[in-house]
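K.L.:
could you work out the structure for the sequence below:
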Amino acid sequence: MYLNLNVGFEKWYFEEWHSYHKKRKAIHRLYYDVLNWANKFAPFNLLCGKGKVALDVGCAHGYTTELLASLGYDAYGCDISRLYLHNYAKKVSKNLILCDAQWLPFCMKSFDVILAFELLEHLQNQAFFLKRCFECLKFKGVLVLQTPVGIPSIDALISKLYSTAISKKSDVEQHISALVNKSELVHLLELCGFTSHIETWFLLPVNPTLFERYFPTRIPSTVPTFRVLAVKR
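P.N.:
Next up, the predicted model:
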């Protein structure tokens with residue numbers, strides 16, 4: 001998650017609303033599953049990071065950065081949340097940077113892999129972010145995304161109702177610009193210099209703290225999450 005909020009709100013949002021600090025193993029398993037899926041379409045083995053450099057944008061608690069390091073990557077993470085980086089992520093990984101996703105402070109052609117999970121929908125200028133990722137990737141570098149389809153789901157409705165009741169804010173999830181369909185996303189990635197493979201997946205509504213895992217399943221292209229493997233041309 002990648003929200004620019006005050007610390008008091010962040011603490012409620014991250015610790016009470018989403019309880020990310022309780023989902024370390026679940027997050028590891030989920031995003032390993034995403035990387036394993038993306039690996040089928042990637043130009044190199046994403047599950048072997050030896051000799052490669054990777055960046056997790058919107059690293060939050062640093063769990064995905066930690067996963068990348070366990071796969072052998074020289075792994076880095078960045079996030080806009082001071083609460084995350086200072087209170088949680090620094091305990092998981094040292095290679096973390098406080099920055100805005102739309103202004104990535106990295107040199108051109110720095111990374112073999114960039115991850116951005118549940119991030120794109122929080123950005124006002126998605127094209128600018130994707131172009132910056134393109135610049136930061138090496139030739140044939142890989143961008144792996146996961147972002148919700150811009151169609152209301154039962155989960156989103158419940159989330160909105162509950163967050164309104166608890167925080168008195170109807171915009172807690174801060175989805176600024178969710179993409180509506182696959183063709184729109186393909187076109188955006190092409191404009192930014194990527195070829196892509198996109199599928200639509202759904203997380204079953206099971207509390208991940210119960211089994212220390214999420215349960216993703218592939219579904220038709222109507223709802224609710226895009227998985228994306230994009231390769232720099």
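K.L.:
when you work out contacts or count neighbours from here on, use the C-alpha atoms and nothing else.
P.N.:
Fine.
K.L.:
so which bits of the longest strand along the chain are buried?
P.N.:
If each strand of the chain is counted by residues according to DSSP state E, the longest one is strand 137-148. Applying a neighbour-count criterion of 16 or more other Cα atoms under 10 Å, the buried positions in strand 137-148 are Leu137, Lys138, Lys140, Gly141, Val142, Leu143, Val144, Leu145, Gln146, Thr147, Pro148.
K.L.:
out of those, the closest to Asn125 would be?
P.N.:
Ranked by distance to Asn125 (Cα to Cα), the buried residues of strand 137-148 are led by Thr147 at 14.5 Å.
K.L.:
thought Ala127 was touching Phe194?
P.N.:
No. Counting by Cα atoms under 8 Å, Ala127 stays clear of Phe194, with 11.7 Å between them.
K.L.:
and those two? Which one has more around it.
P.N.:
Taking neighbours as other Cα atoms under 10 Å, Ala127 and Phe194 compare with Phe194 leading, 23 against 16.
K.L.:
tell me what that one is bridged to.
P.N.:
Lys232 (DSSP bridges).
K.L.:
next one: it from Leu130, what distance?
P.N.:
9 Å (Cα to Cα, to the nearest Å).
K.L.:
list the residues that contact the closest residue to Gly51 other than its chain neighbours.
P.N.:
If the residues on either side of it in the chain are set aside, Gly51 comes closest to Tyr73, at 6.8 Å by Cα to Cα, 6 or more residues apart in numbering. Contact analysis of Tyr73 by Cα atoms under 8 Å, 6 or more residues apart in numbering lists Cys48, Gly49, Lys50, Gly51, Lys52, Val53, Ala54.
K.L.:
for Tyr31, what are its contacts?
P.N.:
Shown in contact with Tyr31 (Cα under 8 Å, 6+ apart): Thr64.
K.L.:
gap between it and Cys192?
P.N.:
Tyr31 is 24 Å from Cys192, by Cα to Cα.
K.L.:
flag every buried residue along stretch 69-80.
P.N.:
In stretch 69-80, counting by 16+ other Cα under 10 Å, buried: Ala69, Gly72, Tyr73, Asp74, Ala75, Tyr76, Gly77, Cys78, Asp79, Ile80.
K.L.:
also stretch 107-127?
P.N.:
Residues of stretch 107-127 classed as buried: 110-123, 126-127 (neighbour count, 16+ other Cα under 10 Å).
K.L.:
tell me which of those residues fall in helices.
P.N.:
Those of the buried residues of stretch 107-127 mapping onto helices are Gln126, Ala127, per DSSP state H.
K.L.:
nearest to Asn207, out of the buried residues of stretch 107-127: which one, please.
P.N.:
Each of those was checked against Asn207 using Cα to Cα; the closest is Glu118, at 17.7 Å.
K.L.:
which ones are touching the nearest residue to the closest one once chain neighbours are set aside?
P.N.:
Spatial nearest neighbour of Glu118, excluding adjacent residues (Cα to Cα, 6+ apart): Thr147 at 4.9 Å. Applying Cα under 8 Å, 6+ apart, we find Thr147 in contact with Phe117, Glu118, Leu119, Leu120, Glu121, Ala178, Thr225, Phe226, Arg227.
K.L.:
mind redoing it with 6 Å?
P.N.:
By Cα atoms under 6 Å, 6 or more residues apart in numbering, the residues touching Thr147 are Glu118, Thr225, Phe226.
K.L.:
Phe202 too?
P.N.:
Taking Cα under 6 Å, 6+ apart, we find Phe202 in contact with Pro216, Thr217, Pro224.
K.L.:
once you drop chain neighbours, what's closest to the most centrally placed residue in the chain?
P.N.:
In the chain, the centroid-proximal residue (Cα atoms, centre = their mean) is Phe117; its distance is 1.1 Å. Closest residue in space to Phe117, ignoring its immediate chain neighbours: Gln146 at 4.7 Å, by Cα to Cα, 6+ apart.
K.L.:
understood, closing this out.
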